[in-house]
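Q: Sequence and predicted model, in that order:
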Amino acid sequence: MEYLYNEILEVRFSETERKQLDHKKGREVNAKITFHYYNGNLRCREIFEGTELIEYYYDWYANNGAIIQKFHAHYHPGGTPEEITQFDPWHWHVPKSVDDVEGHRIASRPGYSIHDVMEDHIKPYILRLRRSSNDC
């Protein structure tokens, strides 16, 4: 992935051992993506059945550890309130304040991918940071 985006400094991957999984769906791959020009990161959790990606959780963090935004594709378990499940499976969590960890859920687009997150959100953010630091 770092070959596709100049903004990426490093991608660290790990795979959760099957006995440590909190689900029975298949493989779980985790990654932490760090960037040039920006001290925040994108933490990724992807769940596969065979080679098919069936769930993902992409959580974007600021350099102080605060959530900027969450990009998720998954179904919530039975018994979850409808104000949460109405956006399943494709949804985002957008914080309403600095202290808001869960964020306000809004609908996302079906098929939204990590490349969409990079192109639509992170790359433009880093570009704005770089431009503003050049103004000083």
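A: Sure thing, it's come through.
Q: Which positions within stretch 114-131 qualify as buried?
A: 114, 117-118, 121-123, 125-126 (16 or more other Cβ atoms under 10 Å). To be clear about C-beta, it is placed using only N, CA and C from the backbone, and glycine gets the same treatment.
Q: Cross-reference those with the helices and report the matches.
A: Residues of the buried residues of stretch 114-131 located in helices (DSSP state H): 114, 117, 123, 125-126.
Q: circling back: make a markdown table out of the buried residues of stretch 114-131 and add distance to residue 26.
A: What follows is the buried residues of stretch 114-131, written out as a markdown table (distance: Cβ to Cβ, whole Å):
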| residue | distance to residue 26 |
| --- | --- |
| 114 | 18 |
| 117 | 22 |
| 118 | 25 |
| 121 | 27 |
| 122 | 27 |
| 123 | 30 |
| 125 | 32 |
| 126 | 33 |
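Q: Make TSV from those and add pLDDT and distance to residue 85 to it.
A: Below are the buried residues of stretch 114-131 laid out as TSV (pLDDT from 0 to 100; distance: Cβ to Cβ, whole Å):
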residue	pLDDT	distance to residue 85
114	94	23
117	96	22
118	95	28
121	94	24
122	94	27
123	93	31
125	92	29
126	92	33
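Q: Pick out whichever of those residues sits closest to residue 27.
A: residue 114 (16.4 Å; Cβ to Cβ).
Q: these two touch, right, the closest one and residue 58?
A: Yes: assessed by Cβ atoms under 8 Å, residue 114 is found in contact with residue 58 at 6.0 Å.
Q: residues bridging contact with the two, i.e. touching both?
A: Listed as contacting both residue 114 and residue 58 by Cβ atoms under 8 Å, 6 or more residues apart in numbering are residue 44.
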